[in-house]
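Engineer: Give me a model of this one.
(2 chains)
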Amino acid sequence: DAEITQSPRHKITETGRQVTLACHQTWNHNNMFWYRQDLGHGLRLIHYSYGVHDTNKGEVSDGYSVSRSNTEDLPLTLESAASSQTSVYFCASSRDSADEQFFGPGTRLTVL
Amino acid sequence: EDQVTQSPEALRLQEGESSSLNCSYTVSGLRGLFWYRQDPGKGPEFLFTLYSAGEEKEKERLKATLTKKESFLHITAPKPEDSATYLCAVNPPSNTGKLIFGQGTTLQVKP
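Structural biologist: Numbers count the residues shown, from 1 in each chain, chains lettered A, B, ... in the order given. Prediction:
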């Protein structure tokens, strides 16, 4: 069955370190998205991509970057981790912009 | 500003006690409204997509409906395993796939 996976599931890092969160989907979807979920803010869009070599900034993109070198993967990089980036991160994908998005299991990131 | 508001924030029901969750939105000409279920420590799980006013979708004890300004998720005779947070999201007219999510309704069903 097609799926979307994220790794690691849990990560603890220190302020100032670079961190990369992986997202891999086997749906062969064009669109991929990264969200963060925090109490009181709900799900907020960080970055998104409509296809290979395409990336776009979302609502809360400062301090984050993504790259799309193939259809299946959209890694999220925190260039210099900050305590404010402690959160749960979800990756999602969809076939088309009008379609439902399917979410991964999430990565819980703690920045100390 | 496009907004999605879900109510109530939290809902406690007895097993078998039917109720409805509300999702109201200010987006005009939306390109789809989505309902998700999220269990603690997990990612949102897709439930339904609604595209036009009057549309209804059903799955087991859940039925989603859509009007021009809001959507309802009706839960009929809920069971404890229906306990979860239910999220609503809209796809605005720009149809970019940049969904606008509500804050969610946390449902607890007691046996």
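Engineer: So A:Arg9 sits against A:Pro105, correct?
Structural biologist: Yes. In this structure, A:Arg9 is within contact of A:Pro105 by CB atoms under 8 Å, at 6.7 Å. The way it works is simple: take the backbone N, C-alpha and C, and place the C-beta from them, glycine included.
Engineer: So which of these two has more stuff around it?
Structural biologist: Taking other CB atoms under 10 Å in any protein chain shown, A:Arg9 and A:Pro105 do not tie; A:Pro105 has more neighbours (15 against 12).
Engineer: residues contacting that one?
Structural biologist: A:Thr5, A:Gln6, A:Arg9, B:Lys42, B:Gly43 (CB atoms under 8 Å, 6 or more residues apart in numbering or on different chains).
Engineer: hey, which helix or strand in chain B has the poorest pLDDT?
Structural biologist: strand B:100-101 (a mean of 92; mean pLDDT, DSSP states H and E).
Engineer: other SSEs contacting it?
Structural biologist: The elements that strand B:100-101 packs onto, with contact taken as 3 or more CB pairs under 8 Å, 6 or more residues apart in numbering or on different chains; DSSP states H and E, are strand B:84-90.
Engineer: The strand it packs on near chain A anywhere?
Structural biologist: Yes. Residues of strand B:84-90 are located near chain A by CB under 8 Å from any CB of the partner chain, namely B:Leu87, B:Ala89.
Engineer: buried ones in that strand?
Structural biologist: B:Ala84, B:Thr85, B:Tyr86, B:Leu87, B:Cys88, B:Ala89, B:Val90 (16 or more other CB atoms under 10 Å in any protein chain shown).
Engineer: Tell me how far the nearest residue to the fifth one once chain neighbours are set aside lies from B:Glu70.
Structural biologist: I take that to be B:Cys88. Of all residues not flanking B:Cys88 in the chain, B:Cys23 sits nearest, at 3.4 Å (CB to CB, 6 or more residues apart in numbering or on different chains). Distance, B:Cys23 to B:Glu70, by CB to CB, to the nearest Å: 6 Å.
Engineer: Comparing those two, which residue is more hemmed in?
Structural biologist: Shown here are B:Cys23 and B:Glu70; by other CB under 10 Å, B:Cys23 has more neighbours (26 against 18).
Engineer: part of a strand, is the more buried one?
Structural biologist: Yes. B:Cys23: assigned to a strand according to DSSP: H, G, I helix; E, B strand; the rest coil.
Engineer: Surely it is in contact with B:Gln6?
Structural biologist: Yes. B:Cys23 sits in contact with B:Gln6 when judged by CB under 8 Å, with a separation of 5.2 Å.
Engineer: Now for the two: what residues contact both?
Structural biologist: Listed contacts common to B:Cys23 and B:Gln6 are B:Cys88, B:Gly102; contacts here mean CB under 8 Å, 6+ apart.
Engineer: what would the buried residues of strand B:84-90 look like in a markdown table with pLDDT and distance to A:Asp54?
Structural biologist: Below are the buried residues of strand B:84-90 laid out as a markdown table (pLDDT from 0 to 100; distance: CB to CB, whole Å):
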| residue | pLDDT | distance to A:Asp54 |
| --- | --- | --- |
| B:Ala84 | 98 | 34 |
| B:Thr85 | 97 | 31 |
| B:Tyr86 | 98 | 32 |
| B:Leu87 | 98 | 26 |
| B:Cys88 | 97 | 28 |
| B:Ala89 | 95 | 22 |
| B:Val90 | 93 | 23 |
